[in-house]
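S.K.: One predicted model, sequence on top.
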Amino acid sequence: MRNPLADKIVEIKPSGIRKFFDIVSEMPDAISLGVGEPDFDTPWHIRDEGIYSLEKGRTFYTSNSGLKELREEICNYLKRRQGVAYNSMKEVLVTVGGSEGIDVALRAMLNPGEEVLIPQPSYVSYEPCTILAGGVPVIIELKAENEFRLTAEELEEAITEKTKILILPFPNNPTGAIMERKDLEAIAKVIEKHDLFVISDEIYSELTYKEKHVSIVEIPGMKERTILINGFSKAYAMTGWRLGYACGPKEIIEQMTKIHQFAIMCAPTTSQYAAVEALRNGDDDVEEMRDAYNQRRRYLLYAFQEMGLECFEPFGAFYVFPCIKEFGMTSDEFATRFLMEEKVAVVPGTAFGDCGEGFLRISYAYSLENLKIAIEKLANFVEKLRKEK
Amino acid sequence: MRERLLSIIEKNSRIDLKELAVIMGVEEIDIVNELAALESEGIICGYHTMIDWEKTSVDKVTALIEVRVTPQRGQGFDHMAERIYKYPEVNSVYLISGGYDLLITLEGKTIKDVSSFVSDKLSTLDSVLSTATHFILRKYKDHGTILAKKDEDTREKVTP
């Protein structure tokens, strides 16, 4: 029999997280700090709206680009939160999670051989999606001394004649880094100078702990060249509903809608009805969850300080990214030993790019009570390693 | 700071001061001062413990009693409320809008305790026009806390 597989997909490495997932699954008593989704249930009024839509028999396809009222609410929301106006008829596409938006945007924009700049450490899908779309990923290694923000110099250095797109993953998973207005203004100049497009993954936009999230589309000249990706998973604790959206120039959204139409048809209808409710009446829920995350974030930073573990203060998402270079082992070795000896799962920084070496991603999408138990074990482990030296 | 502090300790009054200071991002001494102020201003009125008595061997019945009363000249309902809340077995007394005036919650060991309170003490008060007693059969949620079994964490243990 012939080889049934496409070389392109076979050559893509499986996600580095897989290995830990497999080990942890075999350890029923392991505590995990490795989860990339909220610990809260979707607020009840949002779930209730989903249930109600099913009761009413709203079980059909929606239009390809999504329910009209949802697209309108998305535009209202972006106007309210970022002060930016999108046309709900032409500039919005409702997708199956933010992930689909990223994939479809890359496929709609890339010609073979064109380069995509991917700052790392960052979410695991940008690189494979770029390759699958025929593009060439070019990694920008973000640095701890810049608090893992993207600087204009780093961007400038990575640009070649073939560069077309910059992926902008802030607030960042796994580092928790954010880009403030001044940081965005600095890179906007470079983006404009080299005529780049931006795919801005803002899925954690509601989870910032310093100031309100600033989107790159707020910077003059950027909206015209940006696909803004966002969704409901993190802000409203709706990961399983698989619902996100992409907003951008109508020429790009039109082509993205074409791919979406053939590959997906439309995002899940029940989820879309629930999302309308989330945008209309969910602000208080978001604030409550943000407060809870912020309390845990402060607790973790304090705990690291107590155990003398180096960690920059992250102001976004629900991750901290402590440095473990003092122990002279790789992230993978540290995480594996920590799991085996203390039964606590964390994700090695290298799962999010080579430059995550020497760091760990610790999620605080857990109750304070659970975090305390796990952090005590981390303190023991750190103590033990220091004695070994 | 005041409202944030209150909303945290409303859910967990046993949280220690150091931890409160850490999670709120303020100094411990500020928490101590603020708590003292809240107590002296009568905003914090007490620190209670939520107990699901059903899981113990102690017998308890809780009743909600609707009371219609004649308001008294110059004192409205306050005087009546006071006469009722002075009974130690009365847990709470609320003035209510709608079909009746006062809502009382009452705890007793047995149904007989409650009924004798209603017939001997409450109904015999001059201004009480009528009462309606409802016994609580089961508490599902109390003070914002769900008393049923907690859900487990069903998330995948490691996700990107």
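M.R.: Everything's here; your move. This structure is a prediction, so every number in the text was calculated from the model and none was measured.

S.K.: interface residues of chain A facing chain B?
M.R.: Neighbours of chain B within chain A, by C-beta under 8 Å from any C-beta of the partner chain: A:15, A:17, A:20-21, A:24-25, A:30, A:32, A:34-37, A:39, A:41, A:123-125, A:173, A:291, A:295-296, A:298-299, A:302, A:345, A:347, A:351-352, A:368. Where C-beta positions appear, they are placed from N, C-alpha and C, glycine not excepted.

S.K.: among the residues you listed, which ones are buried?
M.R.: Among the residues of chain A next to chain B, those scoring as buried are A:15, A:17, A:20-21, A:24, A:30, A:32, A:34-37, A:39, A:123-125, A:173, A:295-296, A:298-299, A:302, A:345, A:347, A:351-352, A:368 (criterion: 16 or more other C-beta atoms under 10 Å in any protein chain shown).

S.K.: coming back round to it: just the ones of the residues of chain A next to chain B in strands?
M.R.: Counting by DSSP state E, these place A:32, A:345, A:347 in strands.

S.K.: Closest to A:Pro4 out of those?
M.R.: A:Val347 (32.3 Å; C-beta to C-beta).

S.K.: who does the top helix by length along chain B touch, helix- and strand-wise?
M.R.: Criterion DSSP state H: the longest helix present in chain B is helix B:28-40. Secondary-structure packing of helix B:28-40 (3 or more C-beta pairs under 8 Å, 6 or more residues apart in numbering or on different chains; DSSP states H and E): helix B:2-11, helix B:17-24.

S.K.: Tell me which of those helices sits nearest to chain A.
M.R.: With C-beta to the nearest C-beta as the criterion, chain A lies closest to helix B:17-24 of those, at 3.7 Å.

S.K.: So what touches that closest one?
M.R.: With C-beta atoms under 8 Å, 6 or more residues apart in numbering or on different chains as the test, helix B:17-24 has contacts from A:295-296, A:298-299, A:302, A:368, B:1, B:4-5, B:8-9, B:27-28, B:30-32.

S.K.: For that helix, which residues meet the burial criterion?
M.R.: Buried residues in helix B:17-24 (16+ other C-beta under 10 Å): B:19-24.

S.K.: Tabulate those residues in JSON lines, adding columns for pLDDT.
M.R.: JSON lines is the format used below for the buried residues of helix B:17-24 (pLDDT from 0 to 100):
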{"residue": "B:Glu19", "pLDDT": "95"}
{"residue": "B:Leu20", "pLDDT": "96"}
{"residue": "B:Ala21", "pLDDT": "97"}
{"residue": "B:Val22", "pLDDT": "96"}
{"residue": "B:Ile23", "pLDDT": "96"}
{"residue": "B:Met24", "pLDDT": "96"}
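
S.K.: Widest-spaced pair of the residues you listed?
M.R.: Greatest spatial distance among those (C-beta to C-beta): B:Glu19 and B:Met24, at 9.4 Å.

S.K.: Quickly list what the residue nearest to B:Leu129 when sequence neighbours are not counted is bridged to.
M.R.: In space, and not counting its chain neighbours, B:Leu129 is closest to B:Arg68: 4.3 Å by C-beta to C-beta, 6 or more residues apart in numbering or on different chains. Assessed by DSSP bridges, B:Arg68 has beta-bridge partners B:Ser130.

S.K.: wait, A:Val190 sits on A:Leu155?
M.R.: Yes. The pair A:Val190 / A:Leu155 is scored as a contact, 4.9 Å apart, by C-beta atoms under 8 Å.

S.K.: hey, where'd the strands end up in chain A?
M.R.: Going by DSSP E, chain A shows strands at A:31-32, A:92-95, A:115-120, A:136-141, A:163-168, A:197-201, A:226-231, A:244-247, A:319-320, A:344-345, A:347-348, A:360-363.

S.K.: Now do the first one: everything it contacts.
M.R.: By C-beta under 8 Å, 6+ apart, the surrounding residues in contact with strand A:31-32 are A:24, A:343-345, A:370, A:373-374, A:377, B:157-158.

S.K.: just curious, which of the residues you listed is nearest to A:Glu206?
M.R.: Proximity of the contacts of strand A:31-32 to A:Glu206 (C-beta to C-beta) peaks at A:Asn370, which lies at 22.5 Å.

S.K.: got the contact list for the closest one?
M.R.: A:Ile31.

S.K.: State the distance from B:Glu152 to chain A.
M.R.: Distance, B:Glu152 to chain A, using C-beta to the nearest C-beta, to the nearest Å: 12 Å.
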